[in-house]
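Engineer: With the input below, show me the fold.
(one chain, ligands or ions: 1)
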Amino acid sequence: MEQKPRPVHCLVFPYTMQGHINPMHQFSKSLVSKGIKVTLVTTQFLFKSFQQLSGSMPVETISDGFEGGYASAESLEAYFSKFKKVGSETLTKLIEKLNATGFPVDCIIYDAVMIWVLDVAKIFGLVTAIFFTQSCAVDNIYYHVKKGVINVPIENQVSLPGLSVLEPLDMPSFVHNPGLYPGLLDIMVNQFSDIEKVDWVLCNTFYKLEEEVIEWMSKQLRLRAIGPTIPRKYLHNEKTPEDDIDDGLQMFKPNIDACMNWLNEQQEHSAIYVSFGSLAELDARQMQELAFGIKQSGKHFLWVVRASEEYKLPRGFVEETSAKGLVVQWCSQMEVLAHKAIGCFVTHCGWNSTLEALCLGVPMVAIPICTDQGTNAKFIADVWRMGVKVDVDKNGVFKGEMVGHCIREVMDGKKRKEIKTTSKRWMEMAREAVKEGGSSDISINEFVASLTQHSK
Ligand code: UDX
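Structural biologist: From the prediction side, this is the model:
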(Lines give C-alpha, C1' and ligand atoms only; values in the text may rest on other atoms or scores of the structure.)
Protein backbone atom coordinates (compact mmCIF):
# COMPACT_ATOMS: atom_id res chain seq x y z
CA MET A 1 0.00 0.00 0.00
CA GLU A 2 1.26 3.50 -0.85
CA GLN A 3 2.30 5.47 2.23
CA LYS A 4 0.56 8.77 2.85
CA PRO A 5 3.17 11.56 2.57
CA ARG A 6 3.91 13.26 5.89
CA PRO A 7 2.60 16.83 6.15
CA VAL A 8 4.99 19.72 5.59
CA HIS A 9 6.23 20.98 8.96
CA CYS A 10 6.64 24.75 9.46
CA LEU A 11 7.99 26.54 12.48
CA VAL A 12 6.34 29.93 12.96
CA PHE A 13 8.37 32.30 15.09
CA PRO A 14 6.84 35.70 15.95
CA TYR A 15 8.66 38.38 17.94
CA THR A 16 7.71 38.57 21.62
CA MET A 17 4.99 41.21 21.38
CA GLN A 18 1.20 40.79 21.19
CA GLY A 19 1.01 42.88 18.02
CA HIS A 20 3.46 40.48 16.32
CA ILE A 21 2.11 37.24 17.82
CA ASN A 22 -1.51 37.82 16.72
CA PRO A 23 -0.97 38.12 12.95
CA MET A 24 1.54 35.26 12.80
CA HIS A 25 -0.71 33.05 14.93
CA GLN A 26 -3.67 33.78 12.66
CA PHE A 27 -1.55 33.16 9.57
CA SER A 28 -0.53 29.82 11.09
CA LYS A 29 -4.20 28.90 11.36
CA SER A 30 -4.68 29.40 7.62
CA LEU A 31 -1.63 27.21 6.95
CA VAL A 32 -3.08 24.49 9.21
CA SER A 33 -6.39 24.72 7.35
CA LYS A 34 -4.43 24.05 4.13
CA GLY A 35 -2.80 20.90 5.50
CA ILE A 36 0.50 22.25 6.88
CA LYS A 37 1.71 21.13 10.29
CA VAL A 38 2.67 24.23 12.28
CA THR A 39 4.69 24.45 15.47
CA LEU A 40 4.72 27.89 17.06
CA VAL A 41 7.96 29.03 18.64
CA THR A 42 8.18 31.52 21.48
CA THR A 43 10.45 32.35 24.39
CA GLN A 44 10.28 30.50 27.70
CA PHE A 45 9.38 33.72 29.49
CA LEU A 46 6.48 34.54 27.20
CA PHE A 47 5.21 30.98 27.22
CA LYS A 48 4.81 31.18 31.00
CA SER A 49 2.97 34.47 30.77
CA PHE A 50 0.40 33.43 28.13
CA GLN A 51 -3.07 33.58 29.64
CA GLN A 52 -4.34 31.04 27.19
CA LEU A 53 -2.43 28.70 24.92
CA SER A 54 -3.06 27.91 21.29
CA GLY A 55 -5.33 24.88 21.45
CA SER A 56 -4.79 23.80 17.88
CA MET A 57 -1.03 24.08 17.50
CA PRO A 58 1.91 22.81 19.48
CA VAL A 59 4.09 25.52 21.02
CA GLU A 60 7.83 25.03 21.58
CA THR A 61 10.10 27.38 23.47
CA ILE A 62 13.59 28.74 23.10
CA SER A 63 15.49 31.16 25.32
CA ASP A 64 16.12 34.87 24.80
CA GLY A 65 18.71 34.77 27.57
CA PHE A 66 16.56 36.68 30.06
CA GLU A 67 14.61 35.32 33.01
CA GLY A 68 12.10 38.16 32.86
CA GLY A 69 11.83 38.82 29.09
CA TYR A 70 12.75 42.16 27.55
CA ALA A 71 11.55 44.13 30.56
CA SER A 72 14.51 42.72 32.49
CA ALA A 73 17.09 43.81 29.89
CA GLU A 74 19.18 46.95 30.37
CA SER A 75 18.13 48.33 27.02
CA LEU A 76 16.43 47.22 23.86
CA GLU A 77 19.81 46.94 22.15
CA ALA A 78 21.03 44.67 24.98
CA TYR A 79 17.89 42.57 24.64
CA PHE A 80 18.20 42.14 20.88
CA SER A 81 21.90 41.38 21.05
CA LYS A 82 21.54 38.64 23.69
CA PHE A 83 18.38 37.30 22.07
CA LYS A 84 20.35 36.87 18.84
CA LYS A 85 23.12 34.92 20.57
CA VAL A 86 21.11 32.77 22.98
CA GLY A 87 18.16 32.53 20.59
CA SER A 88 20.38 31.18 17.78
CA GLU A 89 21.83 28.50 20.06
CA THR A 90 18.51 27.40 21.52
CA LEU A 91 16.66 27.54 18.19
CA THR A 92 19.38 25.29 16.71
CA LYS A 93 18.83 22.81 19.55
CA LEU A 94 15.08 22.95 19.07
CA ILE A 95 15.32 22.16 15.35
CA GLU A 96 17.74 19.29 16.11
CA LYS A 97 15.25 17.95 18.65
CA LEU A 98 12.30 18.20 16.25
CA ASN A 99 14.32 16.65 13.41
CA ALA A 100 14.99 13.65 15.62
CA THR A 101 11.24 13.06 16.00
CA GLY A 102 8.94 11.84 13.23
CA PHE A 103 8.31 15.45 12.14
CA PRO A 104 11.47 17.02 10.78
CA VAL A 105 11.24 20.75 10.10
CA ASP A 106 10.87 21.84 6.45
CA CYS A 107 10.39 25.57 6.74
CA ILE A 108 10.64 28.46 9.17
CA ILE A 109 8.48 31.57 8.99
CA TYR A 110 10.05 34.24 11.16
CA ASP A 111 9.30 37.79 12.18
CA ALA A 112 11.23 40.30 10.08
CA VAL A 113 12.69 41.98 13.19
CA MET A 114 14.68 38.80 14.02
CA ILE A 115 16.93 38.52 10.98
CA TRP A 116 19.35 36.17 12.76
CA VAL A 117 16.87 33.31 12.28
CA LEU A 118 17.95 33.15 8.63
CA ASP A 119 21.45 31.98 9.56
CA VAL A 120 20.07 29.19 11.74
CA ALA A 121 17.63 28.12 9.01
CA LYS A 122 20.43 27.95 6.43
CA ILE A 123 22.40 25.48 8.58
CA PHE A 124 19.49 23.06 8.24
CA GLY A 125 18.66 23.88 4.62
CA LEU A 126 15.14 24.99 5.57
CA VAL A 127 12.82 26.96 3.33
CA THR A 128 12.74 30.47 4.77
CA ALA A 129 9.88 32.96 4.87
CA ILE A 130 10.27 36.39 6.46
CA PHE A 131 7.02 37.85 7.80
CA PHE A 132 6.43 41.62 7.92
CA THR A 133 3.79 42.47 10.52
CA GLN A 134 3.44 46.11 9.45
CA SER A 135 1.94 47.73 6.37
CA CYS A 136 3.69 47.58 3.02
CA ALA A 137 3.87 51.40 2.99
CA VAL A 138 5.78 51.36 6.26
CA ASP A 139 8.08 48.59 5.03
CA ASN A 140 8.72 50.65 1.92
CA ILE A 141 9.77 53.66 4.04
CA TYR A 142 12.25 51.62 6.11
CA TYR A 143 13.54 50.03 2.89
CA HIS A 144 14.33 53.50 1.58
CA VAL A 145 16.11 54.41 4.81
CA LYS A 146 18.21 51.26 4.34
CA LYS A 147 18.98 52.29 0.74
CA GLY A 148 20.10 55.74 1.93
CA VAL A 149 17.30 57.49 0.01
CA ILE A 150 15.80 58.89 3.23
CA ASN A 151 18.06 60.68 5.69
CA VAL A 152 17.07 60.42 9.34
CA PRO A 153 15.73 62.49 11.05
CA ILE A 154 13.57 63.44 8.11
CA GLU A 155 12.66 67.12 8.03
CA ASN A 156 11.01 67.59 4.65
CA GLN A 157 8.25 65.90 2.73
CA VAL A 158 9.23 62.93 0.56
CA SER A 159 7.87 61.20 -2.45
CA LEU A 160 8.57 57.47 -2.61
CA PRO A 161 7.66 54.98 -5.34
CA GLY A 162 4.16 53.59 -4.89
CA LEU A 163 3.19 56.18 -2.26
CA SER A 164 1.68 59.65 -2.26
CA VAL A 165 3.76 62.54 -0.88
CA LEU A 166 4.39 62.10 2.85
CA GLU A 167 5.12 64.79 5.43
CA PRO A 168 7.65 64.02 8.19
CA LEU A 169 4.84 63.31 10.70
CA ASP A 170 3.31 60.82 8.26
CA MET A 171 6.46 58.73 8.56
CA PRO A 172 7.12 56.17 11.31
CA SER A 173 8.23 57.98 14.48
CA PHE A 174 11.69 56.39 14.36
CA VAL A 175 12.28 58.20 11.07
CA HIS A 176 11.23 61.71 12.16
CA ASN A 177 12.12 61.41 15.87
CA PRO A 178 14.77 58.67 16.21
CA GLY A 179 15.96 59.98 19.58
CA LEU A 180 12.75 58.96 21.36
CA TYR A 181 13.43 55.21 21.20
CA PRO A 182 17.09 54.83 20.29
CA GLY A 183 17.99 51.55 18.63
CA LEU A 184 14.57 50.85 17.20
CA LEU A 185 15.26 52.46 13.84
CA ASP A 186 18.24 50.12 13.31
CA ILE A 187 16.06 47.11 14.09
CA MET A 188 13.43 48.19 11.59
CA VAL A 189 15.96 49.04 8.89
CA ASN A 190 17.88 45.80 9.42
CA GLN A 191 14.76 43.86 8.48
CA PHE A 192 16.05 44.18 4.92
CA SER A 193 19.56 42.82 5.56
CA ASP A 194 20.22 39.70 3.47
CA ILE A 195 16.60 39.72 2.34
CA GLU A 196 17.70 38.51 -1.11
CA LYS A 197 18.72 35.22 0.54
CA VAL A 198 15.21 34.60 1.92
CA ASP A 199 12.92 32.33 -0.11
CA TRP A 200 9.60 34.06 0.67
CA VAL A 201 8.75 37.62 1.73
CA LEU A 202 5.27 37.76 3.27
CA CYS A 203 3.42 40.87 4.38
CA ASN A 204 0.22 41.22 6.40
CA THR A 205 -1.70 43.39 3.95
CA PHE A 206 -3.84 42.88 0.85
CA TYR A 207 -3.41 43.88 -2.75
CA LYS A 208 -6.27 46.33 -3.17
CA LEU A 209 -5.44 48.16 0.04
CA GLU A 210 -1.90 49.06 -0.98
CA GLU A 211 -1.88 48.23 -4.67
CA GLU A 212 0.85 50.54 -5.97
CA VAL A 213 3.29 50.08 -3.15
CA ILE A 214 2.79 46.31 -3.15
CA GLU A 215 3.46 46.26 -6.91
CA TRP A 216 6.68 48.19 -6.36
CA MET A 217 7.85 46.18 -3.34
CA SER A 218 7.09 42.90 -5.05
CA LYS A 219 9.37 43.93 -7.91
CA GLN A 220 12.18 44.80 -5.48
CA LEU A 221 11.77 41.99 -2.95
CA ARG A 222 9.26 39.44 -4.35
CA LEU A 223 6.97 40.58 -1.51
CA ARG A 224 3.62 38.75 -1.25
CA ALA A 225 0.53 40.18 0.43
CA ILE A 226 -1.14 37.44 2.47
CA GLY A 227 -3.44 39.41 4.77
CA PRO A 228 -5.45 40.52 6.52
CA THR A 229 -4.77 37.75 9.03
CA ILE A 230 -8.16 37.92 10.73
CA PRO A 231 -9.98 34.80 12.07
CA ARG A 232 -12.36 33.46 9.43
CA LYS A 233 -15.26 33.48 11.87
CA TYR A 234 -15.29 37.28 11.69
CA LEU A 235 -14.78 37.47 7.95
CA HIS A 236 -17.07 34.86 6.52
CA ASN A 237 -19.25 33.92 9.49
CA GLU A 238 -17.70 30.51 9.15
CA LYS A 239 -15.61 28.96 11.89
CA THR A 240 -12.63 26.78 11.09
CA PRO A 241 -11.90 23.96 13.54
CA GLU A 242 -8.92 26.09 14.67
CA ASP A 243 -11.19 29.07 15.44
CA ASP A 244 -13.44 26.83 17.47
CA ILE A 245 -10.59 25.72 19.64
CA ASP A 246 -8.71 28.89 20.32
CA ASP A 247 -8.02 32.55 20.09
CA GLY A 248 -5.06 31.77 22.30
CA LEU A 249 -1.63 33.21 22.95
CA GLN A 250 -2.95 36.22 24.84
CA MET A 251 -0.45 38.06 27.03
CA PHE A 252 -3.32 39.72 28.94
CA LYS A 253 -6.55 38.25 30.29
CA PRO A 254 -9.63 39.60 28.49
CA ASN A 255 -12.65 40.62 30.52
CA ILE A 256 -15.11 39.13 28.04
CA ASP A 257 -18.27 38.85 30.16
CA ALA A 258 -18.21 42.42 31.46
CA CYS A 259 -17.65 43.78 27.95
CA MET A 260 -20.36 41.70 26.31
CA ASN A 261 -22.91 42.47 29.04
CA TRP A 262 -22.20 46.16 28.70
CA LEU A 263 -22.29 46.10 24.88
CA ASN A 264 -25.56 44.19 24.86
CA GLU A 265 -27.17 47.04 26.78
CA GLN A 266 -26.16 49.70 24.22
CA GLN A 267 -28.12 50.79 21.19
CA GLU A 268 -26.91 49.95 17.72
CA HIS A 269 -23.83 51.95 16.58
CA SER A 270 -24.17 54.26 19.60
CA ALA A 271 -21.00 53.48 21.55
CA ILE A 272 -17.31 54.12 20.96
CA TYR A 273 -14.50 51.66 21.63
CA VAL A 274 -11.19 53.13 22.78
CA SER A 275 -7.94 51.17 22.87
CA PHE A 276 -4.25 51.91 22.41
CA GLY A 277 -3.06 48.35 21.90
CA SER A 278 -0.62 46.31 23.89
CA LEU A 279 2.34 48.64 24.11
CA ALA A 280 1.67 52.36 23.74
CA GLU A 281 2.25 54.27 26.95
CA LEU A 282 0.54 57.61 27.31
CA ASP A 283 1.99 60.06 29.76
CA ALA A 284 -0.30 61.36 32.50
CA ARG A 285 -1.12 64.51 30.54
CA GLN A 286 -2.08 62.59 27.39
CA MET A 287 -4.25 60.31 29.49
CA GLN A 288 -6.02 63.37 30.96
CA GLU A 289 -6.57 64.79 27.49
CA LEU A 290 -7.93 61.48 26.21
CA ALA A 291 -10.27 61.12 29.19
CA PHE A 292 -11.45 64.69 28.67
CA GLY A 293 -12.10 64.08 24.96
CA ILE A 294 -14.02 60.86 25.59
CA LYS A 295 -16.19 62.58 28.17
CA GLN A 296 -16.70 65.63 26.02
CA SER A 297 -17.87 63.52 23.06
CA GLY A 298 -20.98 62.70 25.10
CA LYS A 299 -20.93 59.12 23.79
CA HIS A 300 -21.16 55.87 25.69
CA PHE A 301 -17.72 54.26 25.71
CA LEU A 302 -15.82 51.06 26.31
CA TRP A 303 -12.21 51.95 27.11
CA VAL A 304 -9.32 49.51 27.48
CA VAL A 305 -6.72 50.83 29.91
CA ARG A 306 -4.05 48.21 30.58
CA ALA A 307 -3.33 47.50 34.25
CA SER A 308 0.10 49.16 33.96
CA GLU A 309 -1.56 52.39 32.69
CA GLU A 310 -4.49 52.58 35.09
CA TYR A 311 -2.76 54.81 37.65
CA LYS A 312 -2.65 57.60 35.06
CA LEU A 313 -6.45 57.83 34.78
CA PRO A 314 -7.81 61.10 36.18
CA ARG A 315 -8.86 60.63 39.80
CA GLY A 316 -12.53 59.67 40.10
CA PHE A 317 -12.98 59.29 36.32
CA VAL A 318 -14.26 55.70 36.42
CA GLU A 319 -16.85 56.40 39.14
CA GLU A 320 -17.91 59.71 37.65
CA THR A 321 -18.53 58.23 34.19
CA SER A 322 -19.90 54.83 35.22
CA ALA A 323 -23.37 55.57 33.84
CA LYS A 324 -21.88 56.13 30.39
CA GLY A 325 -18.80 54.03 30.21
CA LEU A 326 -16.92 50.90 31.08
CA VAL A 327 -13.16 50.79 31.63
CA VAL A 328 -11.50 47.36 31.40
CA GLN A 329 -7.90 46.22 31.48
CA TRP A 330 -8.13 44.06 28.33
CA CYS A 331 -10.89 42.77 26.09
CA SER A 332 -11.37 40.46 23.16
CA GLN A 333 -10.95 43.25 20.63
CA MET A 334 -12.40 41.42 17.65
CA GLU A 335 -15.52 40.49 19.63
CA VAL A 336 -15.94 44.12 20.65
CA LEU A 337 -15.37 45.56 17.17
CA ALA A 338 -17.77 43.00 15.71
CA HIS A 339 -20.54 44.00 18.14
CA LYS A 340 -23.38 46.04 16.63
CA ALA A 341 -23.26 48.56 19.48
CA ILE A 342 -19.91 49.94 18.31
CA GLY A 343 -20.07 52.97 16.02
CA CYS A 344 -16.47 54.10 16.10
CA PHE A 345 -13.00 52.95 17.19
CA VAL A 346 -10.72 55.51 18.85
CA THR A 347 -7.38 53.88 18.10
CA HIS A 348 -3.62 54.41 18.31
CA CYS A 349 -3.55 52.85 14.79
CA GLY A 350 -1.41 49.82 15.48
CA TRP A 351 -1.41 47.85 12.25
CA ASN A 352 -3.44 44.97 13.69
CA SER A 353 -6.05 47.31 15.15
CA THR A 354 -6.24 49.13 11.83
CA LEU A 355 -6.80 45.93 9.86
CA GLU A 356 -9.27 44.57 12.41
CA ALA A 357 -11.43 47.71 12.25
CA LEU A 358 -11.14 47.71 8.46
CA CYS A 359 -12.27 44.08 8.19
CA LEU A 360 -15.30 44.80 10.35
CA GLY A 361 -16.14 48.11 8.66
CA VAL A 362 -15.76 50.16 11.86
CA PRO A 363 -14.93 53.88 11.26
CA MET A 364 -11.91 55.18 13.17
CA VAL A 365 -10.67 58.20 15.08
CA ALA A 366 -6.90 57.98 14.69
CA ILE A 367 -4.58 59.10 17.49
CA PRO A 368 -1.14 57.80 16.53
CA ILE A 369 1.41 57.68 19.34
CA CYS A 370 4.63 56.24 17.93
CA THR A 371 6.32 53.68 15.63
CA ASP A 372 4.33 52.95 12.43
CA GLN A 373 1.10 54.48 13.75
CA GLY A 374 1.56 57.95 12.19
CA THR A 375 1.76 56.38 8.73
CA ASN A 376 -1.25 54.15 9.38
CA ALA A 377 -3.21 57.19 10.63
CA LYS A 378 -2.35 59.17 7.50
CA PHE A 379 -3.68 56.35 5.31
CA ILE A 380 -6.82 55.81 7.44
CA ALA A 381 -7.81 59.47 7.20
CA ASP A 382 -6.50 60.73 3.85
CA VAL A 383 -6.10 57.71 1.58
CA TRP A 384 -8.62 55.09 2.65
CA ARG A 385 -11.00 57.67 4.16
CA MET A 386 -12.16 55.36 6.90
CA GLY A 387 -11.94 57.92 9.65
CA VAL A 388 -10.48 61.19 10.86
CA LYS A 389 -7.16 61.97 12.44
CA VAL A 390 -6.50 63.92 15.62
CA ASP A 391 -3.54 66.33 15.36
CA VAL A 392 -0.67 64.80 17.29
CA ASP A 393 2.72 66.50 17.50
CA LYS A 394 6.08 64.78 17.10
CA ASN A 395 6.20 63.89 20.79
CA GLY A 396 2.75 62.29 20.73
CA VAL A 397 0.98 65.24 22.37
CA PHE A 398 -2.67 65.93 21.42
CA LYS A 399 -5.63 67.98 22.71
CA GLY A 400 -8.65 66.39 24.38
CA GLU A 401 -10.99 68.90 22.81
CA MET A 402 -9.97 67.71 19.37
CA VAL A 403 -10.55 64.09 20.40
CA GLY A 404 -14.13 64.94 21.40
CA HIS A 405 -14.64 66.88 18.17
CA CYS A 406 -13.32 64.02 15.99
CA ILE A 407 -15.51 61.45 17.76
CA ARG A 408 -18.61 63.56 17.14
CA GLU A 409 -17.56 64.11 13.53
CA VAL A 410 -17.34 60.36 12.89
CA MET A 411 -20.47 59.49 14.90
CA ASP A 412 -22.81 62.37 13.96
CA GLY A 413 -21.03 64.83 11.66
CA LYS A 414 -21.20 65.66 7.96
CA LYS A 415 -18.47 63.18 7.08
CA ARG A 416 -20.27 60.29 8.78
CA LYS A 417 -22.07 59.03 5.70
CA GLU A 418 -19.02 59.08 3.46
CA ILE A 419 -16.85 57.39 6.13
CA LYS A 420 -19.45 54.69 6.72
CA THR A 421 -19.76 53.99 3.01
CA THR A 422 -16.00 53.80 2.40
CA SER A 423 -15.49 51.67 5.53
CA LYS A 424 -18.03 49.21 4.23
CA ARG A 425 -16.30 49.09 0.85
CA TRP A 426 -12.92 48.35 2.43
CA MET A 427 -14.51 45.69 4.58
CA GLU A 428 -15.82 43.96 1.48
CA MET A 429 -12.47 44.20 -0.32
CA ALA A 430 -10.62 42.78 2.69
CA ARG A 431 -13.00 39.83 2.81
CA GLU A 432 -12.62 39.28 -0.95
CA ALA A 433 -8.82 39.12 -0.59
CA VAL A 434 -8.86 36.20 1.83
CA LYS A 435 -11.80 34.36 0.36
CA GLU A 436 -11.10 31.27 -1.71
CA GLY A 437 -9.60 32.55 -4.96
CA GLY A 438 -8.95 36.05 -3.52
CA SER A 439 -5.56 37.74 -4.03
CA SER A 440 -4.15 36.82 -0.60
CA ASP A 441 -5.60 33.34 -0.73
CA ILE A 442 -3.82 32.77 -4.07
CA SER A 443 -0.50 33.92 -2.56
CA ILE A 444 -0.93 31.61 0.43
CA ASN A 445 -1.78 28.70 -1.88
CA GLU A 446 1.35 29.34 -3.95
CA PHE A 447 3.43 29.38 -0.80
CA VAL A 448 1.86 26.14 0.44
CA ALA A 449 2.26 24.46 -2.96
CA SER A 450 5.95 25.34 -3.08
CA LEU A 451 6.46 23.90 0.41
CA THR A 452 4.71 20.70 -0.55
CA GLN A 453 6.87 20.46 -3.66
CA HIS A 454 10.03 21.10 -1.66
CA SER A 455 9.31 18.45 0.97
CA LYS A 456 8.75 15.66 -1.60
C1 UDX B 1 2.57 47.02 17.91
C2 UDX B 1 2.59 48.31 17.13
O3 UDX B 1 2.11 49.40 17.85
C4 UDX B 1 1.91 48.14 15.83
O5 UDX B 1 1.78 49.36 15.18
C6 UDX B 1 2.68 47.14 15.05
O7 UDX B 1 2.20 47.06 13.75
C8 UDX B 1 2.63 45.84 15.76
O9 UDX B 1 3.14 45.99 17.07
P10 UDX B 1 0.29 47.20 19.32
O11 UDX B 1 0.72 48.56 19.68
O12 UDX B 1 -0.03 46.26 20.39
O13 UDX B 1 1.32 46.52 18.33
O14 UDX B 1 -1.01 47.42 18.39
P15 UDX B 1 -1.77 46.51 17.37
O16 UDX B 1 -0.93 46.25 16.18
O17 UDX B 1 -3.04 47.18 17.11
O18 UDX B 1 -2.00 45.13 18.12
C19 UDX B 1 -2.76 44.99 19.27
C20 UDX B 1 -3.45 43.66 19.24
O21 UDX B 1 -3.97 43.40 20.54
C22 UDX B 1 -4.62 43.61 18.27
O23 UDX B 1 -4.60 42.38 17.56
C24 UDX B 1 -5.85 43.70 19.15
O25 UDX B 1 -6.97 42.99 18.69
C26 UDX B 1 -5.35 43.09 20.43
N27 UDX B 1 -6.08 43.64 21.60
C28 UDX B 1 -5.91 44.93 21.97
C29 UDX B 1 -6.92 42.80 22.29
O30 UDX B 1 -7.11 41.63 21.95
N31 UDX B 1 -7.56 43.31 23.39
C32 UDX B 1 -7.40 44.58 23.81
O33 UDX B 1 -8.02 44.93 24.82
C34 UDX B 1 -6.56 45.43 23.08
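Engineer: host element of whichever residue of the stretch 1-150 of the chain sits closest to the ligand?
Structural biologist: Proximity of the stretch 1-150 of the chain to the ligand (Cβ to the nearest ligand atom) peaks at G19, 2.2 Å away. For every residue, glycine as well, the C-beta is placed using N, CA and C. For G19, the enclosing helix or strand under DSSP states H and E is helix 18-33.
Engineer: From H339, how far out is Q267?
Structural biologist: As judged by Cβ to Cβ, to the nearest Å, Q267 and H339 stand 12 Å apart.
Engineer: Mind checking which of those two has more residues around it?
Structural biologist: A count of neighbours by other Cβ atoms under 10 Å puts H339 above the other of Q267 and H339, at 20 against 10.
Engineer: That one and L263 touch, don't they?
Structural biologist: Yes: at 4.5 Å, H339 counts as touching L263 under the criterion of Cβ atoms under 8 Å.
Engineer: now W116, nearest residue through space, not along the chain?
Structural biologist: Using Cβ to Cβ, 6 or more residues apart in numbering and skipping residues adjacent in sequence, the residue nearest W116 is K84, 4.4 Å away.
Engineer: what's the pLDDT at the one you found?
Structural biologist: Turning to K84, the model gives it a pLDDT of 97.
Engineer: now G248
Structural biologist: With respect to pLDDT, G248 has a value of 68.
Engineer: quick one: contacts for K340?
Structural biologist: Contacts for K340 were tallied using Cβ atoms under 8 Å, 6 or more residues apart in numbering; they are 268-269.
Engineer: do the same with Q329
Structural biologist: Taking Cβ under 8 Å, 6+ apart as the criterion, Q329 is in contact with 252-253, 255, 304-307, 310.
Engineer: which intervals of the stretch 201-350 of the chain have sub-threshold pLDDT?
Structural biologist: Where the stretch 201-350 of the chain drops to pLDDT under 70, the residues are 237-248.
Engineer: Show me which residues of it sit near the ligand.
Structural biologist: Residues of the stretch 201-350 of the chain that fall close to the ligand, judged by Cβ under 6 Å from any ligand atom: 275, 277-280, 304, 330-334, 350.
Engineer: now those residues in a markdown table, with secondary structure, neighbour count and distance to K394?
Structural biologist: Converted to a markdown table, these look like this (DSSP: H, G, I helix; E, B strand; the rest coil; neighbours: other Cβ atoms under 10 Å; distance: Cβ to Cβ, whole Å):
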| residue | secondary structure | neighbour count | distance to K394 |
| --- | --- | --- | --- |
| S275 | strand | 23 | 23 |
| G277 | coil | 20 | 20 |
| S278 | coil | 21 | 23 |
| L279 | coil | 14 | 19 |
| A280 | coil | 21 | 15 |
| V304 | strand | 23 | 25 |
| W330 | coil | 21 | 29 |
| C331 | coil | 24 | 30 |
| S332 | coil | 15 | 33 |
| Q333 | helix | 22 | 28 |
| M334 | helix | 18 | 32 |
| G350 | coil | 26 | 19 |
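Engineer: and which of these is nearest to L180?
Structural biologist: Nearest to L180, judged by Cβ to Cβ, of these is A280 at 12.5 Å.
Engineer: Would you confirm that that closest one contacts H348?
Structural biologist: Yes: between A280 and H348 there is a contact under Cβ under 8 Å: 4.8 Å.
Engineer: which neighbours do the two share?
Structural biologist: With Cβ under 8 Å, 6+ apart, A280 and H348 have common neighbours 369, 373.
Engineer: Surely P231 and F27 touch.
Structural biologist: No: in this structure, P231 is not within contact of F27 by Cβ under 8 Å, at 11.1 Å.
Engineer: what is in contact with these two at once?
Structural biologist: Counting by Cβ under 8 Å, 6+ apart, nothing touches both P231 and F27.
Engineer: Could you give the backbone dihedrals for the spatially closest residue to L31 that is not a sequence neighbour?
Structural biologist: Computed as Cβ to Cβ, 6+ apart, the closest residue to L31 that is not its neighbour in sequence is V38, at 5.5 Å. V38 adopts backbone torsions of phi -120, psi 130, taken as degrees, to the nearest 10.
Engineer: SS state for G374?
Structural biologist: Here G374 takes the helix state, with states given by DSSP: H, G, I helix; E, B strand; the rest coil.
Engineer: and it, how many neighbours does it have?
Structural biologist: Based on other Cβ under 10 Å, the number of other residues close to G374 is 28.
Engineer: One more: S63?
Structural biologist: Applying other Cβ under 10 Å, I find that S63 has 18 neighbouring residues.
Engineer: what's the answer for the one 5 residues further on, then?
Structural biologist: By the measure other Cβ under 10 Å, the count of residues near G68 is 9.
Engineer: for D170, same thing?
Structural biologist: D170, neighbours per other Cβ under 10 Å, totals 25.
Engineer: Check A323 too.
Structural biologist: Counted with other Cβ under 10 Å, A323 comes out at 6.
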